[in-house]
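Peer 1: Mind folding the following:
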Amino acid sequence: MIYRMESVEKRVAKELVDAFGEISTTIIGDALGRFNCMSSIRHFNKPGIRLKGTAFTVKTSAGDNLMIHKAIHMAEPGDIIVIDGGGFENRALLGEIMSSIGQKKGLAGFVVDGAIRDPEEIKELGFPVYAKAATPAGPFREGPGQINVPIICAGAIVNPGDLIIGDDNGITVIPYERANNEVLQEVQRIEAMEKKQLEQIEAGTLNYDWIDETLMKKGVLGGTNV
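Peer 2: Residues are numbered from 1 along each chain as shown. Coordinates of the predicted model:
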């Protein structure tokens, strides 16, 4: 189907969105088995601007933003427009005007597997926008495209309703089915462990025995060297 426009049928509870949204994407990625992280994508905001919300997905053809405009008007406050633009960097898919519309509507941000324009103006808006690149070249508005279908954005699978978390490190995707207290507890455990390790580094008491233990298991130390 060349054109398809669906709604988001499921959204993560707001308390979980807020809880995950305060934690580093690196720790969330670790809790998810070090998967579910986007690659080669960065924010175009002032440092410290965080992104958290429900994925509202768009799949579009290279350099065309017709269905992105439609998605902005279909999305609900708190949604994040996540765009599979095929990583095409020669033509921007959105800029200051569309970001301003999204911000006014109460959307939580944009994630673009492709390019944007007006990066300085977007930075001043304080509205979370992530993309692969910036270019002055504008988009076409011809289509085709699809809304709220499974997509791949910057190497990560994203389904409508997934929880998207972004910070200065980048973007982590928490599948809807895994955005629960069990994963949140694992995230909090890792966060506490890292805090303890940093305290041990400062005190000079961090134990490095695990390095040699791992090498011994691989047969590099204490036995056959390879």
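
Peer 1: Quick one: the helices in the protein, in order.
Peer 2: 14-21, 25-31, 66-74, 96-105, 119-125, 181-203, 209-217 (DSSP state H).

Peer 1: looking at those, which is buried most?
Peer 2: Of all the helices of the chain, helix 25-31 carries the top mean neighbour count, a mean of 21, counting by mean count of other Cβ atoms under 10 Å. No exception for glycine: its C-beta is placed from N, CA and C like everyone else's.

Peer 1: helices and strands around that helix, which ones?
Peer 2: strand 163-167, strand 170-174, helix 181-203 (3 or more Cβ pairs under 8 Å, 6 or more residues apart in numbering; DSSP states H and E).

Peer 1: Given the first one, what are its sheet partners and their directions?
Peer 2: Which is strand 163-167. Strand pairing for strand 163-167, using DSSP bridges, gives strand 51-60 (antiparallel), strand 170-174 (antiparallel).

Peer 1: so who does residue 95 touch?
Peer 2: 116, 117, 118, 121, 122, 138 (Cβ atoms under 8 Å, 6 or more residues apart in numbering).

Peer 1: Can you report phi and psi for it?
Peer 2: phi -150, psi -150 (degrees, to the nearest 10).

Peer 1: Just send the helices and strands packed on helix 25-31 back as a markdown table, with distance to residue 150 and mean pLDDT too.
Peer 2: Compiled in a markdown table, the helices and strands packed on helix 25-31 are given as follows (distance: least, Cβ to Cβ, whole Å; pLDDT from 0 to 100):
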| stretch | distance to residue 150 | mean pLDDT |
| --- | --- | --- |
| strand 163-167 | 14 | 98 |
| strand 170-174 | 12 | 98 |
| helix 181-203 | 20 | 95 |
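
Peer 1: Could you dump these into TSV and include distance to residue 36?
Peer 2: Output for the helices and strands packed on helix 25-31, formatted as TSV (distance: least, Cβ to Cβ, whole Å):
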stretch	distance to residue 36
strand 163-167	10
strand 170-174	5
helix 181-203	11
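
Peer 1: Of these, give the one that comes closest to residue 101.
Peer 2: strand 163-167 (19.2 Å; Cβ to Cβ).

Peer 1: Quick check: mean pLDDT of stretch 138-146?
Peer 2: Stretch 138-146 shows a mean pLDDT of 95 in the predicted model.

Peer 1: Same question for stretch 45-65.
Peer 2: 96.

Peer 1: same question, stretch 14-21
Peer 2: Averaged across stretch 14-21, pLDDT comes to 95.

Peer 1: Other residues contacting that stretch?
Peer 2: Contacts of stretch 14-21 (Cβ under 8 Å, 6+ apart): 28, 50-54, 78, 163, 165, 174, 179-181, 184, 187.
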